[in-house]
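Novice: what follows is a protein structure lacking sequence information:
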C-alpha cells in the first residue's frame, strides 16, 4: 500500500522566515510527486516532480525530489501571511491514483 | 478552472438516512475521484472511475457506493449514513491530456451526520 508521511504536522513562523516542509513516501511504480496548497477550500496545485535533483521554483516557493532516499522538500522563503495554509504532498503510483499525506499546517504571523 | 461542480455544498442529515453527492464536470475527462478529508487523516480516496460504468474502490470504500452512467457525472452514495461519515468530500478529475497524476479538485461538500 502506498504511503506518504509529512512533517512537521504544524508550524508557526514569523513573516519573513524561511520554512522547509518534508515529505517521505513509499509507492509502487512511482510516477510523480505533487505538492498542493489548501486554504479554505479545494487544494490547488503547486508543483509536480518526476526526476531527482531537479529543483522546481515558483517565486518564493521551491521543491526538490530525491528518488533514492524517497523524499521531497518544499521550501518557502520570505514567508508572508498569505502563505498560511495546509500544504499537502501526494504521490502517484499505479492505477492513476494519488495518495496524500496528512498535510502540514503552516501559520505565518506578523 | 477544470469545470467541476459539486452538489450539495453543505448537507446535514440524520444517522441511517441515504445521501447522494453529485460531481459534475464540463470537460468529459475519463478519470474522476471521490476523496474525503478529515483532521489528522488528510485526503483519503473512497472510489474512483476510469470511464462510464467503470469504477474501483479506494482505501476507505466501506459504506460508500458510486455510479457513473454518464461521462460528466460521478455520484457518491451513502446508503445509510453514520456519524463516522461526517466529513468534507472532494471530487477530483484527472485531465485526459496528462498522465502524471495531477488532479483538479471541486470546491468540496461538507456533510454532517447527526
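Specialist: Received, thanks. Fair warning: this is a prediction, and the values are worked out from it, not measured in the lab.
Novice: residue ranges with poor pLDDT in the chain?
Specialist: By default, I'm working from chain A. For chain A, the stretches with pLDDT under 70 are A:95.
Novice: could you do chain B instead?
Specialist: For chain B, the ranges with pLDDT under 70 are B:1-2, B:99-100.
Novice: contact partners for residue B:55?
Specialist: B:47, B:48, B:49, B:66, B:67, B:68 (Cβ atoms under 8 Å, 6 or more residues apart in numbering or on different chains). Using the backbone N, CA and C atoms, a C-beta is placed for each residue, glycine as well.
Novice: what's around the fifth one, how many residues?
Specialist: In terms of burial, residue B:67 registers 16 neighbours under the definition other Cβ atoms under 10 Å in any protein chain shown.
Novice: ok, it to residue B:49 distance?
Specialist: Using Cβ to Cβ, to the nearest Å, residue B:67 is found at 9 Å from residue B:49.
Novice: which residues are common contacts for the two?
Specialist: B:55, B:74.
Novice: show me where chain A has its strands.
Specialist: A:3-7, A:10-14, A:19-26, A:32-38, A:44-49, A:56-58, A:61-66, A:71-76, A:85-92, A:98-100, A:104-109 (DSSP state E).
Novice: ok, which of those strands comes nearest residue B:8?
Specialist: Across the strands of chain A, residue B:8 has its closest neighbour in strand A:32-38 (20.8 Å, Cβ to Cβ).
Novice: mean neighbour count and distance to residue B:41 for the strands of chain A - can I get that in JSON lines?
Specialist: JSON lines is the format used below for the strands of chain A (neighbours: other Cβ atoms under 10 Å in any protein chain shown; distance: least, Cβ to Cβ, whole Å):
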{"stretch": "strand A:3-7", "mean neighbour count": "17", "distance to residue B:41": "12"}
{"stretch": "strand A:10-14", "mean neighbour count": "13", "distance to residue B:41": "15"}
{"stretch": "strand A:19-26", "mean neighbour count": "18", "distance to residue B:41": "16"}
{"stretch": "strand A:32-38", "mean neighbour count": "22", "distance to residue B:41": "14"}
{"stretch": "strand A:44-49", "mean neighbour count": "18", "distance to residue B:41": "20"}
{"stretch": "strand A:56-58", "mean neighbour count": "12", "distance to residue B:41": "27"}
{"stretch": "strand A:61-66", "mean neighbour count": "18", "distance to residue B:41": "23"}
{"stretch": "strand A:71-76", "mean neighbour count": "20", "distance to residue B:41": "20"}
{"stretch": "strand A:85-92", "mean neighbour count": "25", "distance to residue B:41": "12"}
{"stretch": "strand A:98-100", "mean neighbour count": "24", "distance to residue B:41": "9"}
{"stretch": "strand A:104-109", "mean neighbour count": "17", "distance to residue B:41": "13"}
